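**Q** Pasting the sequence and the predicted coordinates here, then a few questions.
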Amino acid sequence: MEYKSQNVICQSCKTQFTIEPEDFKFYEKIKVPPPTFCSDCRMIRRMTWRNERTWYHKKCDATGKMIISMYPPDTVYKVYAEDYWKSDAWDPFDYGHQYDFSENFFKQFDLLLKRVPHPNLIQKNNINSDYSNHTLNLKNCYFCAGSDTAEDSAYFFGAIIRVKNSFDLHQSIDCEFCYELVDTVKSSRLFWGQNCESCFDSILLYDCRNCSSCFGCVGLRNKSYCIFNKQYSKIKYKEEMLKYWDGSYKRFLEAKRKFEELKLKIPRKYAMITKSVNVLGDDVSESRNCKQCFNVKNNIENCKYCYRVHDNSKDGFDAFIAWNNAELFYEVTSISGHNIIFSAFIWGGFNVLYSYNCFDCNNIFGCVGLRNKSYCILNRQYTKEEYEKLLSQIIKLMQERREYGEFFPSNISPFCYNESIAQDYFPKNKNEVLEQNFRWRDPKVKNYDITVSVNDISDNISDVLDTFVEEIIECEHKGECNEQCASAFRLTISELQFYKMMDIPLPRLCPFCRHFSRLKLKNPIKLWHRKCMKPNCPNEFETSYAPDRPEIVYCERCYQQEIY
């Protein structure tokens with residue numbers, strides 16, 4: 001069958017988007033209708049189902065003990081402490097019910113979602129790292145989320161892998177003794193680095209490779225002893241560094257100002273794409289045949305409209321987090337497995353439809369909280385023949401009612417918009433959220449007894465006593481931003497020791513505001529068509545740099561001529 005491009009008006013934002021022939025082929029392959037939401041609205045919808053960092057104190061509904069929970073105390077959902085949830089003390093089949101053909105499927109699923117117990121946090125194989133969520137293989141870590149394999153670290157959120165003795169990271173891999181990194185890999189003793197690889201003993205770097213002992217540099221390759229892209233001898237470098245770095249916050253701000261000015265003078269590649277073939281997107285490596293993809297790494301193939309897809313995954317559209325050999329997936333959030341469609345938090349298995357938080361299950365539909373089960377609908381067990389017959393009838397009816405073919409609605413998500421990770425990448429204020437029919441939770445009023453105002457924090461880390469960990473520090477934003485500001489914060493002992501050891505001045509922002517300051521450094525999950533800005537170059541490309549941005553953006557050829 002020959003397919004043609006089709007323009008469609010998004011039912012949410014009312015903008016026009018295009019469904020391309022290759023999209024129709026994929027939808028036909030997995031037997032789903034084409035979407036009625038644009039790619040941005042589809043991504044937002046999926047993100048509203050993931051709460052990484054908004055935590056509360058509440059009682060476990062099974063044991064009564066106080067726990068940290070991604071569900072608030074007044075939630076309508078039943079919440080168990082994770083160790084109890086993973087035990088055999090309860091049976092998810094006890095909450096199942098028969099499919100009602102007279103009722104809307106999402107209403108039935110919403111009912112099941114509210115009946116089946118949920119784990120307070122998502123954790124696996126963690127040691128002394130209770131204050132974390134959506135994490136595995138952590139040891140001695142604090143206030144972390146969306147991470148795999150880390151040790152003696154804190155304050156990192158989103159795709160952190162194999163990290164040690166580091167603080168305040170975002171989407172970075174194989175780093176040690178690092179601070180304030182974004183999209184950086186294989187680095188050590190690097191502070192305030194972005195889009196860097198294999199850099200060491202350096203401060204304030206952007207888009208640098210194989211650099212060591214550099215300060216305030218942009219776009220360098222295989223360099224040492226450079227300050228603001230100027231080459232020095234080893235002895236002269238150490239002399240000059242005394243002018244810029246001695247643990248003073250004021251000196252850091254002045255250096256950062258010069259660094260930001262330099263970033264605008266050095267050309268940037270239109271997209272961070274490496275070792276990849278036939279790719280459109282940004283932050284992509286070792287992948288092929290991927291379009292509209294972002295943060296896609298390590299042998300990804302034939303994907304589209306995806307964000308954070310890793311590790312040998314292929315043949316998927318519209319995924320927010322897929323990994324570990326995921327294959328044939330569509331409209332999913334945080335999954336691994338084969339043929340996973342319209343589902344969230346599916347950890348292994350195959351042939352999963354419209355299900356949530358299920359582990360190693362096969363051939364299930366509309367299920368919640370199952371482990372190692374097969375042929376289930378709404379948490380009820382069927383034979384293979386019964387399951388296939390009933391599923392066929394359900395899908396046929398849902399198609400007739402136009403219920404089938406989209407991800408779960410945001411209004412039945414367990415989380416409000418500003419509790420979810422959607423607020424990270426598509427930030428909105430309360431009025432915008434309510435106008436677009438999402439839910440909003442007003443932050444709890446915080447009345448901390450602040451003992452140190454932001455203006456009274458010592459300028460130099462050398463002046464800070466060990467007893468400072470007892471202080472309650474005012475956040476510079478004072479709770480007045482739209483960044484989930486805690487309004488105040490405290491330092492941990494390990495954190496203060498790290499700052500002192502590395503001569504890093506104390507932060508002026510709480511961990512939430514520091515996280516959002518890192519997110520602001522990243523480009524949006526969106527592409528624009530632009531021309532290379534080098535004079536007389538005819539090349540055009542798709543880039544995540546909007547046309548009104550101040551940066552100098554080059555095509556790959558011109559960038560390599562300038563940088564390498």
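**A** Done, it's in. The shown structure was predicted, so the numbers you read here are calculated from the model rather than taken from an experiment. Numbering: from 1, shown residues only.
**Q** which element is the residue most central in space within the chain on?
**A** By Cα atoms, centre = their mean, the chain has its centre lying nearest to residue 158, at 4.2 Å. Assigned by DSSP states H and E, residue 158 falls within strand 154-164.
**Q** Can you give me the buried ones in that strand?
**A** Neighbour-count burial for strand 154-164, counted by 16 or more other Cβ atoms under 10 Å, picks out 154, 155, 156, 157, 158, 159, 160, 161, 162, 163, 164. Where C-beta positions appear, they are placed from N, C-alpha and C, glycine not excepted.
**Q** how far does the next helix-or-strand element following that strand sit from the chain's center?
**A** Scanning forward in sequence from strand 154-164 by DSSP H and E, the next helix or strand is strand 167-170. Between the centre of strand 167-170 and the centre of its chain there are 13 Å (Cα atoms, centre = their mean, to the nearest Å).
**Q** can you pull out the helices in this structure?
**A** Applying DSSP state H to the chain gives helices spanning 21-30, 39-47, 82-85, 105-115, 234-244, 249-263, 384-400, 422-425, 430-435, 493-502, 511-519, 556-563.
**Q** To residue 197, which of those lies closest?
**A** helix 556-563 (13.3 Å; Cβ to Cβ).
**Q** From the contact counts, what lies against the closest one?
**A** strand 268-269 (3 or more Cβ pairs under 8 Å, 6 or more residues apart in numbering; DSSP states H and E).
**Q** Where is pLDDT lowest across the buried residues of strand 154-164?
**A** Within the buried residues of strand 154-164, pLDDT reaches its minimum at residue 159, with 76.
**Q** Now for it: which residues touch it?
**A** Neighbouring residues of residue 159 by Cβ atoms under 8 Å, 6 or more residues apart in numbering: 146, 147, 170, 171, 172, 173, 295, 308, 310.
**Q** Make TSV out of the residues you listed and add distance to residue 472.
**A** Shown next, in TSV, are these (distance: Cβ to Cβ, whole Å):
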residue	distance to residue 472
146	27
147	27
170	26
171	30
172	29
173	34
295	36
308	35
310	39
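**Q** Would you list the buried entries among the residues you listed?
**A** Buried, going by 16+ other Cβ under 10 Å: 146, 147, 170, 171, 172, 173, 295, 308, 310, out of the contacts of residue 159.
**Q** closest to residue 140 among the residues you listed?
**A** Relative to residue 140, the closest of these is residue 147; by Cβ to Cβ it sits at 13.1 Å.
**Q** Give me the below-cutoff pLDDT ranges for the stretch 101-250 of the chain.
**A** Judged against pLDDT under 70, the stretch 101-250 of the chain has no low-scoring part.
**Q** Would you mind finding the longest strand in the protein?
**A** Counting by DSSP state E, the longest strand found in the chain is strand 277-310.
**Q** surely residue 78 meets residue 117?
**A** Yes: between residue 78 and residue 117 there is a contact under Cβ atoms under 8 Å: 4.4 Å.
**Q** Overlap in contacts, these two.
**A** Contacts common to residue 78 and residue 117, judged by Cβ under 8 Å, 6+ apart, are residue 61.
**Q** Those two - which one has more neighbours?
**A** The neighbour comparison of residue 78 against residue 117 (other Cβ atoms under 10 Å) goes to residue 117, with 20 against 17.
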